[in-house]
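Asker: Predicted model and sequence below, questions to follow.
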Amino acid sequence: MSFSLFSNNFPDHFIVEQNGDANIAKIVTDTDRADGTFNWTGGSLSFGSTGQLRRAVNQIGIALHIASFADFRIMGKQFDTISDPAVKEQVRLESTFVIEPGLIDPNQLTFRSVAFPNRVIRHKSFQLFAEDVNAPLELQSATYRRAAPLMQPFAEAGQRQAMY
């Protein structure tokens, strides 16, 4: 199941993973559309579901990962090619989130870290972090709305197709 996520308080900005960094950004090009299309490994996007946000187009296998060594910045991490079982388990844990009702709008989505349960994915200065949130602006920045995928991962003849 592919989808895209846009910011509750910046509805023209979508979550994207670009060259290892996770941000919110305006979608302008087909590359942006690919960067902003994800799969959820937890099955349905229902509240209580646990899984990873993984790129659905280009660079398959990259999961949004909490880099605790970099001020809890959310980064793209190639997950499928990790061969060391201990490292793979740590990265899996740091890339796993629970879907909760949106903190500012319970009809939307918030992603809470499994490894760091007091932290949720939020944007700050258009970059994604895993942080504890309390103030109204922080709650806004930790709430996302699901949208149709900006780009279909597999269209006819194996070509990617932008969704408008």
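Answerer: Right, received. Where do you want to start?

Asker: Mind listing what's buried along stretch 5-17?
Answerer: For stretch 5-17, a neighbour-count test (16 or more other Cβ atoms under 10 Å) marks 5-9, 13-17 as buried. For glycine as for every other residue, the C-beta is placed from the backbone atoms N, C-alpha and C.

Asker: now swap in stretch 110-119 and tell me
Answerer: Along stretch 110-119, these residues count as buried under the neighbour rule (16+ other Cβ under 10 Å): 110-116, 119.

Asker: Restricted to strands, list the residues you listed.
Answerer: Taking DSSP state E, the ones among the buried residues of stretch 110-119 that sit in strands are 110-113.

Asker: Go through those and say which is closest to V91.
Answerer: S113 (13.0 Å; Cβ to Cβ).

Asker: mind checking the backbone torsions on the closest residue to that closest one other than its chain neighbours?
Answerer: Spatial nearest neighbour of S113, chain neighbours left out: R119 (4.7 Å); criterion: Cβ to Cβ, 6 or more residues apart in numbering. Dihedral angles phi and psi of R119 (degrees, to the nearest 10) take the values phi -120, psi 140.

Asker: which ones are touching R119?
Answerer: 66, 72, 112-113, 130-132 (Cβ atoms under 8 Å, 6 or more residues apart in numbering).

Asker: do that again at 6 Å, thanks
Answerer: 113, 130-132 (Cβ atoms under 6 Å, 6 or more residues apart in numbering).

Asker: quick one: which of the residues you listed is nearest to D21?
Answerer: A130 (14.0 Å).

Asker: what's the spacing between the closest residue to that closest one other than its chain neighbours and I24?
Answerer: Distances taken as Cβ to Cβ, 6+ apart place R119 nearest to A130, at 3.9 Å, with adjacent residues excluded. The span separating R119 from I24 equals 17 Å under the rule Cβ to Cβ, to the nearest Å.

Asker: cool, R33 as well?
Answerer: Using Cβ to Cβ, we find R33 at a distance of 14 Å from I24.

Asker: S113 now?
Answerer: Summarising the geometry, the distance separating S113 from I24, computed by Cβ to Cβ, is 18 Å.

Asker: A147 touches N8, doesn't it?
Answerer: No. Counting by Cβ atoms under 6 Å, A147 stays clear of N8, with 11.9 Å between them.

Asker: Give the burial count for the closest residue to R55 other than its chain neighbours, as a bare number.
Answerer: In space, not counting the residues next to it along the chain, R55 is nearest to I62; the distance is 4.5 Å by Cβ to Cβ, 6+ apart. By the criterion of other Cβ atoms under 10 Å, I62 has 23 neighbours.
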